[in-house]
Structure formats: C-alpha cells, structure tokens
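Enquirer: I would like the atomic coordinates for the input below:
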Amino acid sequence: MTAGNWAGFAWLNPPPQWSVTPQGLRVRSGGATDFWRHTHYGFVKDDGHVFGREMRGDFRMTVTFTGEFAAQYDQAGVMLRGSESEWLKCGVEYVDGIRRVSTVVTRGFSDWSIVSPPELPERLTMEVTRAGDCVEVRYLVGAPELVRVAYVDPGVPLFGGVMCASPQGPGFESVFERFEVTPAL
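Expert: Numbering: from 1, shown residues only. The predicted model follows:
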C-alpha cells in the first residue's frame, strides 16, 4: 500500500485531527488517550486511535512511521485487535525521556515490555507477522530484531492498522509513511 492508499480503512476512536498527505497518514492524537486494561495501574482505557481494517488468515504487516514524541507514554505504531479485551499494540513509546520499542499484549489484562536499542532511528519500521496462533513482533534497524512472540486466537479476524495515543500528554503528531500487508511466508 502506498502512502496515499488507505481505501477500506476506518477509525476506531477518531483523533481530533488527521489527513492523508503525499508523505502518508498524518495524525494528531488526542490528549489523555490510551489502550490499557487493569494491570499495575488499575484502570481500563480504550480510547486511543486506530486506523485499520479487518484482516483474516496469516499475514505480515509492515509499517514505517515517525512521531513528535514529547510527553511520558506518547506512543505510535501498530495494533491488532480481536476485541476490547484482546489485542496487541507495538511501536515506539516515549518513556522517561527516551523513545523505546514497546509492546503491550492484552488478554483480559495488559502486560507491557520495552526494549531500548542503542540506536533507534527517527523513522522506524515495525513488522508484525500473524501465523496461526502466533504473532511475532519485530523492529527493523538493519536486520529485523525479534521483540515479542504472543498468542492470538487462530482463525479469528482481527482489526489491524496504525495506532497512536497520548496517555499523559496533550496529544502529538505522527506520520505513517508506509503500510503494507502481505501473505505470511
């Protein structure tokens, strides 16, 4: 899919501002938005922004994006969602003043993992591969780096696409330059 071809996509929780430009999908997240369920913080948030479509079977989703991350937990990347209580989000999250690779897997309760690569480029590519009951998450800086393997119900269609949220900030801008879905090998 090219930067301007978002046909068939729809918003889950539309952001306050968004547009399709020659550079890609430009999104300004709303403030105090997030996806999270229970663990550690004791709250449920399901108001982050996802621009996606239904995806069936095995596939590889590749997304390249940038963001003006500034507030604690500002985040942008990819989401695969079976329901409000079963989903995965991954990408960049701004934690303690540093952009980090972040993955949250939720099956009733959220868990969170972060990786701090020595060099994380401003423009990052994430790759998420669904094969049967498995989702593999990788970031691409040179060779693909495996970050997470997670369970997903096999055969269940997922709502998949690009996501952003700003849990503690007023919102920030992200640009999704590339979005490709190909059959999983």
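Enquirer: who's in contact with the residue nearest to residue 145 when sequence neighbours are not counted?
Expert: Spatial nearest neighbour of residue 145, excluding adjacent residues (C-beta to C-beta, 6 or more residues apart in numbering): residue 139 at 5.5 Å. The way it works is simple: take the backbone N, C-alpha and C, and place the C-beta from them, glycine included. Listed by C-beta atoms under 8 Å, 6 or more residues apart in numbering, the contact set of residue 139 reads 101, 115, 117, 124-127, 145, 147.
Enquirer: Check residue 55 too.
Expert: When contacts are counted by C-beta under 8 Å, 6+ apart, residue 55 touches 61, 80, 130, 157-160, 181.
Enquirer: Restricted to strands, list those residues.
Expert: Per DSSP state E, strands hold the following members of the contacts of residue 55: 61, 80, 130, 158-160, 181.
Enquirer: what would the contacts of residue 55 look like in TSV with distance to residue 170, neighbour count and pLDDT?
Expert: Below are those laid out as TSV (distance: C-beta to C-beta, whole Å; neighbours: other C-beta atoms under 10 Å; pLDDT from 0 to 100):
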residue	distance to residue 170	neighbour count	pLDDT
61	29	24	96
80	27	26	98
130	34	23	97
157	34	11	95
158	30	25	97
159	27	17	97
160	27	24	97
181	32	16	94
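Enquirer: before we move on, the earlier item: which one of the ones in strands among the contacts of residue 55 is nearest to residue 41?
Expert: residue 80 (22.0 Å; C-beta to C-beta).
Enquirer: List the contacts of that closest one.
Expert: So residue 80 contacts 55, 61, 87-88, 128, 130, 135, 152, 158-160 (C-beta under 8 Å, 6+ apart).
Enquirer: ok, 6 Å please
Expert: 88, 158, 160 (C-beta atoms under 6 Å, 6 or more residues apart in numbering).
Enquirer: Show me where this structure dips below the pLDDT cut-off.
Expert: 1-4 (pLDDT under 70).
Enquirer: swap the cut-off to 80 and go again
Expert: Across the chain, the ranges flagged by pLDDT under 80 are 1-5, 185.
Enquirer: Can you tell me the centre-most residue of it?
Expert: Nearest to the geometric centre of the chain sits residue 78, at 2.2 Å (C-alpha atoms, centre = their mean).
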